[in-house]
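Visitor: Build me a model from this:
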Amino acid sequence: YTASAQMEEHFTDGDFTANPAWTAAASSWIVNTGLQLQSGNTTANAGFGIVTPNTMALQAEWEFYARLDFNPSSVNYADVFLVSSTADLAGAANTGYFVRIGNTDDEICLYRKDATGMVKLIDGVNGMLNNSSNSLRIKVIRSASGKWQLLRDITATGNNYSSEGSITDLSYTSSAFFGILIRQSTASFFQKHFFDDIIIRDHIPDSTPPAVIAAEAISSATVDVLFSEPLDPVSAQQTANYFTDHGIGLPQTAVCDNNNAAWVHLGFSQPLPAGATLTMNINGPADLAGNVLNNGTAVFSYYKPSRYDVVIDEIMADPYPSAGLPEQEWIELKNVTTHTVHLQNWKICDAQGCSALFPAISLKPDSFLLVCSASALPFLQTYGPAVSVAGFPSLDNTGEEVWICNADGQLMHAVAYTDDWYRNALKKEGGWSLEMTDTHNPCSGASNWMASTAANGGSPGKKNATDSICKDTTAPQLLRVYAP
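Guide: Predicted coordinates for the structure are as follows:
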């Protein structure tokens, strides 16, 4: 906390009575053990607030973290007053501006509070908070000329702000308080409002245009471009701003990412040439402050993965009893190439059928991805990148065939394992994974697989404990010939 008009509050002192001093009704608020401001009111159909003195109203920035552990409604929401003339936030005479988090349309909006009522100034995107729990960061900027910008980051990291809109309003240019006003209905909403990292500071105008960080070909018709900061969606989604050489030309579509406005997804009507080095010239996208990028360039290429570029290199078919790992079934994929492979719309199959398609996920060179069911995902995420897919196959303990297919339905790798592959009578009874010894020799069968030698039963998210070179020195044998 600074003693000037600026404020920074992280509640690290464990209360809200000093540095700065907040005013609230008894038992309505606490600072919890996680050092966050949390609502404490347990009265149905109640409205209650908390305020602290603050005079910043022009050329200012407000930024804060909020978590509502419920799906908001018309009678369950939070109003964060950026500018307030009185400590009585709900009072008829109070004037100022507030951000409403929630309401019927599950949105984030900016309102002006007048003595005669309230006016919605920025109407946020509907459905943004249509979740059973919502964690986010909100930033509001007001320039010296009274232009408001409302930004939200639903990843809650503070690095992925997207615009909810902007407007100019100079109705009130002074403030006395900053505060939070809660509206709740029944007991299922009690004590489920959390706030932290509240920062109020001078706004220093941004005069630097965005820069191109990278471009990546996700498929033969899709390129993602990453910028150094969130972009204004109107300019960012103009296809004329992106021109690619090698006869590719302009994209057919340009769409800002819903979760991170620093990303733009470009769709092309003709396929990108595999292996060619392409250059994209970018002119026209602007950041949220209106600074325009000109003469930006991005160099990229499209890599089309071949069979065995991604392999199934570890299988946990029988996790019971555990030797130390979660008692969950999973398989591990490894990218054995020097290129990033995009797994969107891939699937994993067995004799019973195929899973749902993989979401948009990238597998970096020489890296791993755990694939599992939705119920297993929370247990496996601590070991590294993991993804759940609906219809993840039930892995038979004694053996079966599993395989992965790319977005075109082409077979990329298959494993037909049996419990003899463990090579260990004790370990095949459960709790140990099967590991591929040499991932550059993916079709050697039993000679290239064995039970993990890791102390906890497996090597999820990292190089296999049994990793070594296992060369195939056996020539093929003719088994049969027939005329179909």
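
Visitor: so where is the stretch 51-200 of the chain shaky, pLDDT-wise?
Guide: Within the stretch 51-200 of the chain, no range satisfies pLDDT under 70.

Visitor: part of a helix, is Ala240?
Guide: Yes. Assessed with DSSP: H, G, I helix; E, B strand; the rest coil, Ala240 lies in a helix.

Visitor: ok, now which ones touch it?
Guide: 250, 284 (C-beta atoms under 8 Å, 6 or more residues apart in numbering). Heads up, the C-betas are built off the backbone N, CA and C, glycines and all.

Visitor: Next, give phi and psi for the spatially closest residue to Ser220 that is not a sequence neighbour.
Guide: In space, not counting the residues next to it along the chain, Ser220 is nearest to Pro271; the distance is 4.1 Å by C-beta to C-beta, 6 or more residues apart in numbering. When quoted as degrees, to the nearest 10, the phi and psi of Pro271 stand at phi -70, psi 150.

Visitor: okay, now Pro271: neighbour count?
Guide: 12 (other C-beta atoms under 10 Å).

Visitor: Can you tell me the centre-most residue of the protein?
Guide: Thr155 (5.5 Å; C-alpha atoms, centre = their mean).

Visitor: residue contacts, the residue nearest to that one when sequence neighbours are not counted?
Guide: Once flanking residues are discounted, Thr155 sits nearest to Asn259: 6.1 Å by C-beta to C-beta, 6+ apart. In this structure, Asn259 makes contact with 154-155, 160, 162, judged by C-beta under 8 Å, 6+ apart.

Visitor: what's the distance between Asn259 and Gly102?
Guide: Going from Asn259 to Gly102 by C-beta to C-beta, to the nearest Å gives 19 Å.

Visitor: Then Thr55?
Guide: 28 Å.

Visitor: Give the phi and psi angles for the residue nearest to Glu9 when sequence neighbours are not counted, as a check.
Guide: Distances taken as C-beta to C-beta, 6+ apart put Ile198 closest to Glu9, at 4.4 Å, once the chain neighbours are dropped. Main-chain dihedrals, Ile198, degrees, to the nearest 10: phi -90, psi 120.

Visitor: got the residue ranges for the helices in this structure?
Guide: 233-236, 377-380 (DSSP state H).

Visitor: Export the ones you listed to CSV and append columns for mean pLDDT, distance to Ser28 and mean neighbour count.
Guide: Listed next are the helices of the chain as CSV, based on pLDDT from 0 to 100; distance: least, C-beta to C-beta, whole Å; neighbours: other C-beta atoms under 10 Å:
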stretch, mean pLDDT, distance to Ser28, mean neighbour count
helix 233-236, 92, 39, 18
helix 377-380, 96, 33, 18
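
Visitor: The ones you listed: which one's closest to Trp432?
Guide: Proximity to Trp432 (C-beta to C-beta) singles out helix 377-380 among these, at 16.1 Å.

Visitor: Between the two ends of stretch 327-346, how far is it?
Guide: 25 Å (C-alpha to C-alpha, to the nearest Å).

Visitor: Show me what counts as buried in it.
Guide: 328-337, 340-343, 345-346 (16 or more other C-beta atoms under 10 Å).

Visitor: among these, which two are most distant?
Guide: Gln328 and Thr337 (28.1 Å).

Visitor: how much space between Ser175 and Ile122?
Guide: For Ser175, the distance to Ile122 - C-beta to C-beta - is 18 Å.

Visitor: Who has more neighbours out of those two?
Guide: Each of Ser175 and Ile122 has its neighbours counted (other C-beta under 10 Å); Ser175 has more, 23 against 20.

Visitor: check contacts around that one.
Guide: 54-57, 82-85, 96.

Visitor: Okay, and the beta partners of Glu435?
Guide: Glu314, Met450 (DSSP bridges).

Visitor: right, I mislabeled it, should have said Gly296
Guide: Going by DSSP bridges, Gly296 is paired in beta bridges with Ile282.

Visitor: That one is in contact with Thr279, isn't it?
Guide: No. Using C-beta atoms under 8 Å, Gly296 makes no contact with Thr279, being 11.0 Å away.

Visitor: Those two - which one has more neighbours?
Guide: Gly296 (20 against 14).

Visitor: For burial, what's the neighbour tally of the nearest residue to His265 once chain neighbours are set aside?
Guide: In this structure, His265 finds its nearest non-sequential neighbour in Val255, 4.9 Å apart by C-beta to C-beta, 6+ apart. As a burial measure, Val255 scores 15 neighbours (other C-beta under 10 Å).

Visitor: what separates Val255 from Asp224, distance-wise?
Guide: 10 Å.

Visitor: One more: Asp13?
Guide: Asp13 is 43 Å from Asp224, by C-beta to C-beta.

Visitor: cool, and Arg142?
Guide: Relative to Asp224, and taking C-beta to C-beta, Arg142 is found at 32 Å.

Visitor: got the end-to-end distance for stretch 28-36?
Guide: 14 Å.

Visitor: Which residues does it contact?
Guide: Residues contacting stretch 28-36 (C-beta under 8 Å, 6+ apart): 10-12, 14-16, 22, 37-41, 48-50, 67, 194-196.

Visitor: among those residues, which are in strands?
Guide: Within those, residues falling in strands by DSSP state E are 37-39, 48-50, 67, 194-196.

Visitor: which of these has the most neighbours?
Guide: Leu37 (26 neighbours).

Visitor: Could you find the closest non-adjacent residue to that one?
Guide: Nearest to Leu37 is Phe195, by C-beta to C-beta, 6+ apart, at 4.5 Å.

Visitor: I figured that neighbour hits Phe64, correct?
Guide: Yes. Contact criterion C-beta under 8 Å: Phe195 and Phe64 qualify, at 6.2 Å.

Visitor: Now for these two: what residues contact both?
Guide: Val80.

Visitor: What residues are bridge-paired with the residue nearest to Gln6 when sequence neighbours are not counted?
Guide: Closest residue to Gln6 apart from its sequence neighbours, by C-beta to C-beta, 6+ apart: Arg201 at 4.8 Å. Per DSSP bridges, the residues bridged to Arg201 are Glu61.

Visitor: give me the number of residues near Arg201?
Guide: Neighbours of Arg201 using other C-beta under 10 Å come to 16.

Visitor: what's it in contact with, if anything?
Guide: 6-8, 56, 60-61.

Visitor: do Gln252 as well
Guide: 239, 267-269.

Visitor: gap between the residue lying closest to Leu110 once chain neighbours are set aside and Phe98?
Guide: For Leu110, ignoring the flanking residues on the chain, the nearest one in space by C-beta to C-beta, 6+ apart is Ile122 at 4.0 Å. Note on Ile122: its distance to Phe98, by C-beta to C-beta, is 11 Å.

Visitor: hey, what's in contact with both of these two?
Guide: Common neighbours of Ile122 and Phe98 (C-beta under 8 Å, 6+ apart) are Leu110.

Visitor: before we move on, back to that, counting neighbours, go ahead and name the busier of Arg142 and Asp224.
Guide: Remark: of Arg142 and Asp224, Arg142 carries more neighbours, 25 against 18, as counted by other C-beta under 10 Å.

Visitor: I figured the more buried one hits Pro205, correct?
Guide: No. Contact criterion C-beta under 8 Å: Arg142 and Pro205 do not qualify, at 11.5 Å.
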